[in-house]
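Trainee: fold the stuff below for me.
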Amino acid sequence: MFSWETPPATSGGRAAHVDGLAHALADAGHDVVIVTRRTSGTTRFSETGSLRIIRVDIDLPWLPDRAIARVTSANHAFVMAANDLGEWAADIVHAHDWEVAWASQVLAHRYHCPLVTTFHGTERSRHGGHVPPGVPTDVNGIEWWLASNSRRVITISKILGRQVTSDFELDPTAVRSVPGGIDQTWWASPQPDIDERPDENLVFAWGRIQYEKGFHVLAAAVAEVRSAHPSVHCVIAGRGSYLAELQSQIDVIGVSDLIELPGYISDNELRAALHRSACVVIPSLYEPFGVIALEALAGGSPLVIAKTGGLLEIVEGTEAALTFEPGNTTQLAECLDAVLRDRNLAHSLSQNGRALIEQFYSWPAIAGRMMDCYLDALGSSEVNR
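Mentor: Below is the predicted model of the structure:
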């Protein structure tokens with residue numbers, strides 16, 4: 001398995017997805033090897049049961065201003081590291097996104113085994129259906145090449161699967177949807193050393209602070225509900241390139257006294273915030289899957305989400321969340337008003353969310369679905385074209 005990131009590099013949900021899937025496959029008795037980048041504070045090699053993680057120093061040669069060249073150079077380092085496995089051979093090579101395309105294809109060829117690729121998102125989907133010139137166009141080309149040379153293509157949501165099938169002109173029978181999972185036990189566990197007393201006026205959100213995450217929509221909605229809920233306050237945690245602009249918008253609409261932007265918070269602090277909050281809001285304008293929705297549901301917080309992409313797939317027809325149209329401030333304000341006003345509704349959302357996670361999104365269940373995809377790839381001799 002190749003991935004550009006694994007914990008503690010937790011940019012988005014991909015790192016958690018790879019980590020959870022790999023551990024679940026190993027726990028089921030499979031021999032799993034992950035090759036990934038080495039990040040600050042991590043060891044070059046770790047082993048837990050039948051899971052081995054090889055972390056590679058990638059920045060030689062140093063190419064800081066040439067994104068594609070830097071990734072290509074890293075793939076050379078990935079292949080060299082995989083060679084250190086000696087006589088060990090893989091039955092499946094699993095690539096996670098375009099950054100590991102070259103190494104994954106080389107190792108699949110070396111081991112004479114199928115290449116399976118999971119797309120956690122694509123450049124076209126991230127840019128609203130078009131591909132801007134420059135690096136995004138280059139990445140789109142690499143994604144196309146990787147998909148066409150994979151025995152099976154997996155996406156983390158059905159909507160992304162349809163997009164990938166169309167954008168890369170794939171055989172629909174070669175594309176599967178396998179979502180991410182969640183460790184429900186960890187997210188539901190209390191934190192004895194952190195204040196988790198419920199706050200019936202706390203609206204909580206977190207993630208990368210980027211425009212497409214829609215936090216500016218949440219800020220405007222908080223402004224709309226303050227007259228009906230004078231004690232309401234909101235925390236939006238996370239870091240990102242849109243942070244300064246978001247703070248400016250909060251100041252302009254006059255809710256800087258209601259909304260706090262604390263920046264990065266640890267996983268333990270995040271879990272405590274979920275346990276304390278009156279509701280969690282995921283206001284994304286675009287979200288291919290949204291592991292944060294699973295984390296919120298597993299943590300037991302009532303959930304309000306935008307009806308976009310993979311987010312809607314998680315909760316549609318489950319009564320586990322209130323939903324609103326992406327970017328619609330008034331609809332979001334109405335959802336906030338309902339969940340803050342009606343504690344019975346909030347309790348029902350929380351209970352339905354936990355039941356949903358337990359039934360469909362545990363990591364053993366996800367690993368079982370992924371193993372079905374692997375067996376399907378092994379049973380087919382056709383590369384997807």
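Trainee: ramachandran coordinates for Thr117?
Mentor: phi -120, psi 130 (degrees, to the nearest 10).
Trainee: is the spatially most distant residue from the centre of the chain in a helix, a strand, or coil?
Mentor: Centroid-distance maximum for the chain: Ser227 at 34.8 Å, with C-alpha atoms, centre = their mean. The local conformation at Ser227, judged by DSSP: H, G, I helix; E, B strand; the rest coil, is coil.
Trainee: the one 4 residues further on now?
Mentor: Applying three-state DSSP to Ser231 yields a three-state assignment of coil.
Trainee: can I get the lowest-mean-pLDDT helix or strand in the chain in CSV, CA atoms only?
Mentor: Sorted by mean pLDDT, DSSP states H and E, the helices and strands of the chain end with helix 309-315, the least confident at a mean of 84. In CSV, the C-alpha atoms belonging to helix 309-315 read as follows (Å, rounded to 0.1, in the frame of the first residue of the first chain):
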residue,chain,number,x,y,z
GLY,A,309,-21.2,14.9,-2.4
GLY,A,310,-20.2,12.1,-0.1
LEU,A,311,-21.6,14.0,3.0
LEU,A,312,-25.2,13.4,1.8
GLU,A,313,-24.5,9.8,1.0
ILE,A,314,-23.6,9.1,4.6
VAL,A,315,-26.8,10.4,6.2
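Trainee: give the next helix or strand downstream of that helix.
Mentor: Next along the chain after helix 309-315, taking DSSP states H and E as the criterion, comes strand 322-324.
Trainee: which other residues reach the next helix or strand after that next one?
Mentor: Sequence order places helix 329-341 as the next helix or strand after strand 322-324, per DSSP H and E. Residues from elsewhere that reach helix 329-341, judged by C-beta atoms under 8 Å, 6 or more residues apart in numbering: 200-201, 203, 217-218, 220-222, 224-225, 228-229, 232, 278-279, 281, 283, 302, 304, 306, 322-325, 345-346, 349. Yep, even glycine has a C-beta here, placed from its N, CA and C like the rest.
Trainee: list the helices and strands the following helix or strand past helix 329-341 packs on?
Mentor: Using DSSP H and E, the helix or strand that follows helix 329-341 towards the C-terminus is helix 343-360. On a contact count with 3 or more C-beta pairs under 8 Å, 6 or more residues apart in numbering; DSSP states H and E, helix 343-360 meets helix 184-188, helix 291-299, helix 329-341.
Trainee: what residues of helix 343-360 count as buried?
Mentor: Ala346, Leu349, Ser350, Asn352, Gly353, Arg354, Leu356, Ile357 (16 or more other C-beta atoms under 10 Å).
Trainee: can I get that helix in CSV? Just the C-alpha atoms.
Mentor: The C-alpha trace of helix 343-360 is given here as CSV (Å, rounded to 0.1, in the frame of the first residue of the first chain):
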residue,chain,number,x,y,z
ARG,A,343,-33.3,19.0,22.8
ASN,A,344,-35.4,15.9,21.9
LEU,A,345,-34.5,16.4,18.3
ALA,A,346,-30.9,16.8,19.2
HIS,A,347,-31.0,13.6,21.2
SER,A,348,-32.6,11.7,18.4
LEU,A,349,-30.0,12.8,15.9
SER,A,350,-27.3,11.7,18.3
GLN,A,351,-28.7,8.2,18.8
ASN,A,352,-29.4,7.7,15.1
GLY,A,353,-25.9,8.8,14.3
ARG,A,354,-24.2,6.3,16.6
ALA,A,355,-26.4,3.5,15.3
LEU,A,356,-25.4,4.3,11.7
ILE,A,357,-21.7,4.2,12.5
GLU,A,358,-21.9,0.9,14.3
GLN,A,359,-23.8,-0.8,11.5
PHE,A,360,-22.0,0.5,8.4
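Trainee: mind checking which of the contacts of helix 329-341 are buried?
Mentor: Buried, going by 16+ other C-beta under 10 Å: 203, 217-218, 220-222, 224-225, 229, 232, 278-279, 281, 283, 302, 304, 306, 322-324, 346, 349, out of the contacts of helix 329-341.
Trainee: tally of neighbours for Gln191?
Mentor: Residues within reach of Gln191, counting by other C-beta atoms under 10 Å, total 13.
Trainee: next: Gly290.
Mentor: 29.
Trainee: please report phi then psi for it.
Mentor: Torsion angles, degrees, to the nearest 10, at Gly290: phi 100, psi 70.
Trainee: and the closest residue to it other than its chain neighbours, how many neighbours does it have?
Mentor: Leaving out its chain neighbours, the residue that sits closest to Gly290 by C-beta to C-beta, 6 or more residues apart in numbering is Leu311, at 4.6 Å. Leu311 has 27 neighbouring residues, counting by other C-beta under 10 Å.
Trainee: quick one on the thing from earlier: pick the one among the buried residues of helix 343-360 closest to Ser40.
Mentor: Ranked by distance to Ser40 (C-beta to C-beta), the buried residues of helix 343-360 are led by Ile357 at 32.0 Å.
Trainee: ranges for the strands of the stretch 101-250 of the chain?
Mentor: Ranges of strands in the stretch 101-250 of the chain, per DSSP state E, counting those that start in this stretch, are 115-119, 152-155, 175-177, 202-206, 233-237.
Trainee: got JSON lines for those strands, with mean pLDDT and distance to Ala15 too?
Mentor: Shown next, in JSON lines, are these (pLDDT from 0 to 100; distance: least, C-beta to C-beta, whole Å):
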{"stretch": "strand 115-119", "mean pLDDT": "98", "distance to Ala15": "13"}
{"stretch": "strand 152-155", "mean pLDDT": "97", "distance to Ala15": "17"}
{"stretch": "strand 175-177", "mean pLDDT": "96", "distance to Ala15": "20"}
{"stretch": "strand 202-206", "mean pLDDT": "97", "distance to Ala15": "15"}
{"stretch": "strand 233-237", "mean pLDDT": "98", "distance to Ala15": "17"}
